[in-house]
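A structural model of the following input is requested.
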Amino acid sequence: MDSTGLPVKLLAFNGEVLTFQVSGSELRFRRTAFRQSTGRFSVTSEGSALVSNDGKNVDILCCSSALDVKSGLVVPCVLLKQNKRKKACFQYTLFTLNTASSLEPQMKFKLQYEMRENVALLQGPTVLWSHEETVYWTSLQAGKVTPVPVLFSSVCFIGEVAVGIQDIIILGTQTRAAEQPVMFLGYLLGAGRSFDGAWLLPHEYSSVVTCLLIVTAEEVNGEMKTCVVAATSKNQLVWFEDGVPREVCQLPFEQAQNIQTVTTGRDSCLLVVTFRFGNVCAVWKEGFQVASRWEGVGALHVDDFVGCGNDQILLVFENHTTADDVLRDFRLTDLGAIAYTSSVDTCEDLNADGAVQENYHIFVQALETRLQCGLSSVQNIQLDLDLKDRVLLQSVQAFTGLIKGEENILSKGEEEGLVSLWEEDTAVDSPGEEAPVAHVGLRGLAEKVWQRVVGDSWVVGVRLAEEASLSVGEVSLSVLMEQGFRKAPTVIQTRSSVLQLGKLPFPCPSSQCRAEPAAKKTRLGPRLQSVGQFGTVAGGRAEIAKNRARTVIAATELAPLVAFVHLDCHLMLHATAAQNPGIRGGGQPVIVQCGRVSLDIKDISAGKLFPKSLNSKCATEEAVEDFLSLTMVLKKWLFQIRSPSYTLCDISKWLLGPMQCQRLYVNPDYLLLNNVDTSNMMLISWQEKTAFEGILLIHCSCQTSLLRFLNSLCTFLPSSCEVKQLKAGHAEDLAESLASSLEEEVWTVRNWISSLITNPTSEKQLASALPLCQPSPGLAGQLQQYREEFERDRKLSHFSLNSEVEVHLYRQLTEALADVQLAGDKVAWALCKS
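Model (predicted):
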């Protein structure tokens with residue numbers, strides 16, 4: 001199934017299908033997403049970019065998704081080829097599609113020959129290809145075409161590994177002499193070293209392997225532990241572990257070209273093999289038997305198209321020549337509950353044996369799932385029974401000891417087995433409450449991922465896109481460590497915070513005010529977010545930092561992680577989608593996977609992750625990241641300096657003069673002291689409240705340096721000045737914070753109260769519930785009718801005054817009001833203790 005000559009290229013990315021096509025001198029792209037309501041793909045966005053002035057002889061060579069090391073995000077990449085006939089050369093241009101849905105050219109290079117074999121777009125982005133017996137590569141960081149210093153007779157694999165070594169692996173065959181057998185030889189591009197290919201495949205398979213997929217590859221004690229699946233010319237699919245064949249499956253077609261993995265959930269995985277002439281088959285990884293097969297397939301893609309958290313297989317049954325013809329005839333399935341087709345008449349061309357085999361494996365899979373659930377339930381019941389018996393026994397012993405006047409002392413093991421109640425999740429799921437799920441509209445929330453090592457801490461940051469961050473409320477970040485293939489990731493314990501450049505870490509006056517009522521006076525911004533920590537408040541002083549996007553930062557101890565030598569971690573953003581802008585609480589919790597980072601002890605030893613771009617003349621993104629990482633990790637010290645005799649000196653001039661501090665260009669509110677040594681580095685901010693009183697904020701990790709600085713400060717200040725450390729805020733700021741919290745509480749109630757009262761029951765419905773009786777003839781009958789009408793009107797008035805409220809709206813009000821009141825109670829408690 002070769003689609004290299006087609007004018008339209010398809011790429012599955014983040015649950016969407018991207019279509020690329022060269023039209024004239026433009027490269028056009030289109031995003032399409034699958035809608036379950038209609039069972040069709042619909043266009044979500046499209047755009048174009050100029051690729052050439054003449055637009056002649058321009059073709060799309062290949063497209064793929066690759067990790068952009070500059071931003072830390074996986075981006076779609078497109079490689080274009082243009083034949084320069086006058087200059088007798090070929091020019092290649094690499095484009096990437098950013099989060100703003102715009103194509104950007106990354107690099108251009110020229111070759112005297114045409115790329116034909118083993119073209120791959122991998123992390124960097126890096127372009128790799130083979131020509132004759134040499135593999136070449138180039139990237140934006142390298143800036144030139146570089147050959148791999150190893151010659152191959154043939155190249156079998158160029159790619160990356162999903163689990164394990166985060167490097168580009170090249171595997172090929174090599175013949176050292178005519179009489180010697182063909183040997184497998186591997187090469188790690190990033191490490192720049194070769195290795196024995198027998199760790200992946202036995203050398204005896206060198207003449208029969210047509211394509212392969214490296215599932216895992218990890219170095220343990222100098223040896224490589226691998227899992228590889230390969231297709232042979234004997235129409236067999238073979239599973240290898242550490243270079244030894246373990247399982248074999250007979251394939252239904254010939255000339256296999258590519259192998260992909262599909263994680264369908266339910267602890268199951270598929271291996272999808274594509275062949276020439278449009279043939280595709282799927283093999284269960286657990287039983288290693290053919291699950292299904294298709295013929296006449298034009299393209300195959302694997303991704304989470306329906307947004308359920310697992311992969312599906314997208315089969316396109318026609319070779320598309322224009323973008324409008326794409327996805328007219330397709331099939332979307334996971335060989336389970338998900339099955340969509342573009343036409344009711346579309347069916348699989350299977351013989352009777354293949355259909356019976358497919359139904360058999362589906363039926364066995366369902367039985368295995370039920371059996372596993374039953375065994376798990378039995379184990380849980382047995383554990384519950386053991387726990388109840390143990391609790392009853394301990395309760396009887398404690399009650400007996402209480403009667404006898406003896407003290408019941410728990411053993412060390414029993415104390416360790418106890419669980420703190422405050423760590424438990426006490427929330428009860430209501431029938432109408434939805435669980436936190438990944439929000440489809442927030443996939444572009446993360447703009448860039450970065451990491452730093454500051455002292456003994458590892459800091460990971462995610463910069464939020466400015467437009468997307470407006471639609472979310474509370475945001476936090478969690479780091480998940482990969483544990484290898486088939487194992488669930490482990491959550492690393494971190495402390496998370498949201499920082500924004502240009503926001504001061506201590507109270508200062510702001511110009512924030514409510515829109516209405518107009519007569520209400522301007523209030524000061526929120527002061528403190530929790531007892532013992534100073535919240536962030538919009539300063540308004542640093543003009544350079546206005547309209548900067550928020551950054552979510554997570555920090556953890558570095559020492560326990562160094563023992564792993566190399567770590568691969570996924571980053572998950574936990575946010576609250578704002579339903580009503582300007583109202584706290586009441587939003588739907590969402591979880592978004594925003595990227596991945598790798599921590600290697602070699603990078604730490606080489607100092608690649610240390611903050612080194614923070615200086616007075618630097619205003620790059622790296623400098624901003626260094627500043628945020630330091631403010632997250634370094635300990636904060638707050639001091640109040642006042643002069644009762646009104647003789648306060650110019651502290652700002654002293655800091656910039658004798659102390660030789662440098663003002664940060666990324667945030668002029670801060671001064672940098674000792675920017676050479678990270679361990680003794682200090683960030684200082686001086687804010688004058690009056691001419692004789694101010695607040696000094698110091699970020700530092702070394703108390704010796706802090707004492708040395710305070711000694712110099714006391715020497716400079718007049719003897720009448722008072723220096724007082726502020727731990728949880730002084731009374732004046734706490735009083736202002738309490739006032740702001742009370743105002744926030746009033747506005748929360750005011751904004752929510754209008755949505756609580758629903759429309760009362762219509763008078764028509766009430767009238768039907770209280771019908772009038774037919775009047776009796778005569779004066780007495782009319783009088784009785786008037787009495788009934790009066791009683792009916794009274795009941796209608798009573799029902800109108802007793803309106804009902806929606807249950808879910810009332811629940812949201814109580815949650816939002818509880819959050820606001822909790823913040824106000826913390827400030828009030830801190831004010832009482834001050």
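
doesn't residue 259 fall inside a strand?
Yes. Under DSSP: H, G, I helix; E, B strand; the rest coil, residue 259 sits within a strand.

For it, which residues are in contact?
If you count contacts by CB atoms under 8 Å, 6 or more residues apart in numbering, residue 259 has them with 211-213, 229-231, 237, 271-274. In short, each C-beta sits where N, CA and C put it, glycine included.

That one bridge partners, please.
Applying DSSP bridges to residue 259 gives these bridge partners: residue 273.

What of residue 556?
Using DSSP bridges, the bridge partners assigned to residue 556 are residue 458.

Which of the contacts of residue 259 fall within strands?
211-213, 229-231, 237, 271-274 (DSSP state E).

Pipe those residues into CSV and attach neighbour count per row.
Putting the ones in strands among the contacts of residue 259 into CSV (neighbours: other CB atoms under 10 Å) gives the following:
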residue, neighbour count
211, 18
212, 23
213, 19
229, 22
230, 24
231, 27
237, 21
271, 22
272, 21
273, 26
274, 23
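
circling back to that earlier point, closest to residue 783 among the contacts of residue 259?
Using CB to CB, residue 272 comes nearest to residue 783 of the contacts of residue 259, at 86.0 Å.

related to what we said a few turns ago, pick the one among the ones in strands among the contacts of residue 259 closest to residue 717.
Residue 717 lies nearest to residue 213 out of the ones in strands among the contacts of residue 259, by CB to CB, at 69.2 Å.

which residue sits closest to the closest one, ignoring its sequence neighbours?
In space, and not counting its chain neighbours, residue 213 is closest to residue 259: 4.1 Å by CB to CB, 6 or more residues apart in numbering.

From residue 35, how far out is that neighbour?
Counting by CB to CB, to the nearest Å, the separation of residue 259 from residue 35 is 30 Å.

picking that back up, if I look at the residue nearest to residue 213, what pLDDT would I see?
pLDDT for residue 259: 94.

For the closest residue in space to residue 23 that isn't next to it in sequence, what is the enclosing helix or strand?
The shortest distance from residue 23 to any non-neighbouring residue, by CB to CB, 6+ apart, is to residue 48 (7.8 Å). Element membership for residue 48, per DSSP states H and E: strand 40-50.

Kindly export the helix or strand that that strand is followed by (C-alpha atoms) in PDB.
Helices and strands here follow DSSP H and E; after strand 40-50, the next one along the chain is strand 58-68. What follows is strand 58-68, C-alpha atoms only, in PDB (Å, rounded to 0.1, in the frame of the first residue of the first chain):
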ATOM      1  CA  VAL A  58       6.700  20.900  -6.300                       C
ATOM      2  CA  ASP A  59       5.500  17.600  -4.700                       C
ATOM      3  CA  ILE A  60       4.800  16.400  -1.200                       C
ATOM      4  CA  LEU A  61       7.400  13.800  -0.300                       C
ATOM      5  CA  CYS A  62       6.000  12.700   3.000                       C
ATOM      6  CA  CYS A  63       4.300  13.900   6.200                       C
ATOM      7  CA  SER A  64       4.400  12.800   9.800                       C
ATOM      8  CA  SER A  65       4.200  14.100  13.300                       C
ATOM      9  CA  ALA A  66       7.400  14.700  15.300                       C
ATOM     10  CA  LEU A  67       8.600  16.200  18.500                       C
ATOM     11  CA  ASP A  68       9.700  19.800  18.300                       C
END
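
List the buried residues in strand 58-68.
Judged by neighbour count (16 or more other CB atoms under 10 Å), strand 58-68 contains these buried residues: 58, 60-68.

Can you name every helix or strand that the next helix or strand after that strand contacts?
For strand 58-68, the succeeding helix or strand toward the C-terminus, using DSSP H and E, is strand 73-84. Applying 3 or more CB pairs under 8 Å, 6 or more residues apart in numbering; DSSP states H and E, we find strand 73-84 packed against strand 8-13, strand 16-23, strand 26-35, strand 58-68, strand 89-97, strand 103-111, strand 117-122, strand 446-454.

ok, strand 73-84: who's next to it in the sheet?
strand 58-68 (antiparallel), strand 89-97 (antiparallel).

Contacts made by stretch 643-651 with the rest, please.
With CB under 8 Å, 6+ apart, stretch 643-651 has contacts from 641-642, 686, 691-694, 696, 713, 716-718, 720-722.

which of the residues you listed are buried?
Buried by 16+ other CB under 10 Å: 641-642, 686, 693-694, 696, 713, 717, 721, out of the contacts of stretch 643-651.

The stretch 301-450 of the chain: strands as residue ranges?
Using DSSP state E, counting those that start in this stretch, the strands of the stretch 301-450 of the chain run over 312-316, 330-333, 339-341, 446-454.

Mind putting the ones you listed into JSON lines with distance to residue 54 and mean neighbour count?
Conversion of the strands of the stretch 301-450 of the chain to JSON lines gives the following (distance: least, CB to CB, whole Å; neighbours: other CB atoms under 10 Å):
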{"stretch": "strand 312-316", "distance to residue 54": "32", "mean neighbour count": "23"}
{"stretch": "strand 330-333", "distance to residue 54": "35", "mean neighbour count": "21"}
{"stretch": "strand 339-341", "distance to residue 54": "42", "mean neighbour count": "15"}
{"stretch": "strand 446-454", "distance to residue 54": "35", "mean neighbour count": "22"}
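
Select, out of those strands, the one closest to residue 790.
Nearest of the strands of the stretch 301-450 of the chain to residue 790, taken as CB to CB: strand 339-341 at 62.9 Å.

the domain parsing of the protein - what is it?
Here the domain parsing of the chain from the TED database is 251-344, 445-502+549-580+587-633, 634-725, 731-752+807-833.
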